[in-house]
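Give the three-dimensional model of this entry:
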Amino acid sequence: MISEDAIPVSILTGFLGSGKTTMLRHLLRQPEFSRTAVIINEFGEVGLDHELIEASEDSFIELQTGCFCCKIRTDLALTLAELLGRRDEGRCAPFDRIIIETSGLADPAPILQTLMTDMAIAGRLLLGSVLTTVDGVNGLQTLEREGISQKQVAVADRIVLTKLDLAGPAEPALLGCLGALNTGAPVLVADHGRIDSNAVFDVGLYDLQTKSSDVTTWLTEESHAHVRDRHDAINTYAIVRREPIRAVALTLFLEALAEHCGEDILRLKGIVNIAESPDRPAVIHGVQHVFHPPAWLDRWPSDERTSRIVFITRRVPQRWVEVLLEAIGEEVADVPVDR
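Coordinates of the predicted model:
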């Protein structure tokens, strides 16, 4: 169960040299980011401006902007748990949001999995947005050459183009490539690292008390996605069902996906009309083999009550997923609905 005062965690990813650090430096100087904790892999790699950092020999560093910064000592879960402990004990500047900046060569999926499954931090943190930066100068070549860059784009909630001051207007080929890899994520532009913070990080998924409309937002953006020929066979599509889905059918469906093609489920997110709970929709979220337990909204965000499940996959055909859900639904059709 996620607590009402859970701290949102956003992930900032993007390939080497794509401008993550420049944009992060700009964001940390904004008043609305004065209570932010930043987790990075190595300080040397991120290269935060020296005037942002207070002298410290510790891995946890106070920033002059009021923010707090630390590097991953052993693994992410332990770092997050220690950071939360320092906050609880008053041993660091208070913060009400966390940004995790990944290495340029990092796969963001394990980070998402940690946030969804680690019991040491469960309930204290809520998964926010995934933001991916793309170099406007070299981005197209990188996407054509580097599979990890394709995956960083595919799982994003927001894509930010950088270095257009050097490249000029975004090339149609680059925009076409981004659209092929991720149909639903809006493409924004950072000017020398400057960007509206609300445009990139105000996209929470699990802040159900105050931002339930976000569920509608991220589903609406991708609900009309269709299968296309994509780089490295990455495709995006939405499964829509107007009839309620039984809870046991959804459970079996997700288990079958995890067992048979979890490696290729880059990301899954959806809102589902459960037959046993027609007035409280379930929000589901998964990355590869890991699926977060459903979160329940108090009510539907709108009058629309269709189930919509968005898939970002590699080599998992839409029709195969549809047939799987249909077959499981028919198999449990005679199971009584327990309301």
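
C-alpha from now on. contacts and neighbour counts both.
Will do.

Looking at D118 now. What's its pLDDT?
At D118, the model reports a pLDDT of 79.

Please work out how many residues are found near it.
D118 has 14 neighbours, counted by other CA atoms under 10 Å.

Okay, and the closest residue to it other than its chain neighbours sits in which element?
Leaving out its chain neighbours, the residue that sits closest to D118 by CA to CA, 6 or more residues apart in numbering is A77, at 6.8 Å. Secondary structure from DSSP states H and E places A77 in helix 76-89.

helices or strands next to that helix in the packing?
If you count contacts as 3 or more CA pairs under 8 Å, 6 or more residues apart in numbering; DSSP states H and E, helix 76-89 packs onto helix 109-117.

What are the buried residues along the helix it packs on?
Using 16 or more other CA atoms under 10 Å as the test for burial, helix 109-117 gives 109, 111-116.

ok, now stretch 303-310?
Along stretch 303-310, these residues count as buried under the neighbour rule (16+ other CA under 10 Å): 305-310.

cool, and stretch 165-178?
174, 177-178.

ok, A173 to L131 distance?
In this view, A173 and L131 are 21 Å apart by CA to CA, to the nearest Å.

coming back round to it: quick one, which of the buried residues of helix 109-117 has the minimum pLDDT?
Ranked by pLDDT, the buried residues of helix 109-117 bottom out at M116, which has 77.

Isn't that residue up against G123?
No: look at M116 against G123 with CA atoms under 8 Å: they stay out of range, at 9.6 Å.

lowest confidence element among the helices and strands of this protein?
Least confident helix or strand, the chain: helix 43-46 with a mean of 41, by mean pLDDT, DSSP states H and E.

if I look at the closest residue to R86 other than its chain neighbours, how far off is P31?
Counting by CA to CA, 6+ apart, C92 is the residue found nearest to R86 once chain neighbours are left out, at 5.8 Å. Taking CA to CA as the measure, C92 and P31 are separated by 18 Å.

so the residue nearest the centre of the chain bridges to which residues?
Residue closest to the average C-alpha location in the chain (CA atoms, centre = their mean): V130, at 3.6 Å. Counting by DSSP bridges, V130 is bridged to I11.

For it, report the pLDDT, please.
88.

low pLDDT regions in the stretch 201-339 of the chain?
Applying pLDDT under 70 to the stretch 201-339 of the chain picks out residues 202-233, 335-339.

Could I get the full set of helices for it?
213-222, 247-261, 318-331 (DSSP state H, counting those that start in this stretch).

out of those helices, which comes closest to E82?
helix 213-222 (29.6 Å; CA to CA).

which residues touch A156?
Contacts of A156 were listed using CA atoms under 8 Å, 6 or more residues apart in numbering, and they are 129-132, 182, 185.

Nearest to L297 among these?
S129 (18.5 Å).

How about the closest one: what's its closest non-neighbour residue?
S129 sits nearest to S10 (CA to CA, 6+ apart), 4.9 Å away.

OK, contacts around that neighbour?
98-100, 127-131, 201.

any idea how far it is from V287?
For S10, the distance to V287 equals 15 Å [CA to CA].

next one: A77
A77 is 17 Å from V287, by CA to CA.

Likewise for L126?
Here the criterion is CA to CA. By it, L126 lies 15 Å from V287.

for T162, same thing?
Distance of T162 to V287, given as CA to CA: 27 Å.

and what of P293?
Distance of P293 to V287, given as CA to CA: 12 Å.

got a markdown table for the buried residues of stretch 303-310, with distance to A37 too?
As requested, the buried residues of stretch 303-310 are exported to a markdown table (distance: CA to CA, whole Å):
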| residue | distance to A37 |
| --- | --- |
| R305 | 37 |
| T306 | 38 |
| S307 | 35 |
| R308 | 33 |
| I309 | 32 |
| V310 | 30 |
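
Can you list which of the residues you listed are found in strands?
307-310 (DSSP state E).

Excluding covalently adjacent residues, which one is nearest to H285?
Nearest residue to H285 in three dimensions, chain neighbours excluded: K269, at 4.4 Å (CA to CA, 6+ apart).

Could you report the neighbour count for the one you found?
Neighbours of K269 using other CA under 10 Å come to 22.

need the contact list for it.
283-286, 309-311.

C92 and P31: which has the busier surroundings?
C92 (19 against 10).

Going by neighbour count, which of the contacts of A156 are buried?
Counted by 16+ other CA under 10 Å, those give 129-132, 182, 185 as buried.

Now flag whichever of the residues you listed is closest to A238.
N182 (12.3 Å).

wait, what's in contact with the nearest residue to V316 once chain neighbours are set aside?
Counting by CA to CA, 6+ apart, D264 is the residue found nearest to V316 once chain neighbours are left out, at 6.9 Å. Residues in contact with D264 (CA under 8 Å, 6+ apart) are 288, 313-316.

ok, so of the residues you listed, who is nearest G147?
Closest to G147 out of the contacts of D264 is R314 (11.3 Å), distances taken as CA to CA.

give me the number of residues near that closest one?
R314 has 21 neighbours, counted by other CA under 10 Å.

repeat for I98
As a burial measure, I98 scores 26 neighbours (other CA under 10 Å).

hang on, it in a strand?
Yes: under DSSP: H, G, I helix; E, B strand; the rest coil, I98 falls within a strand.
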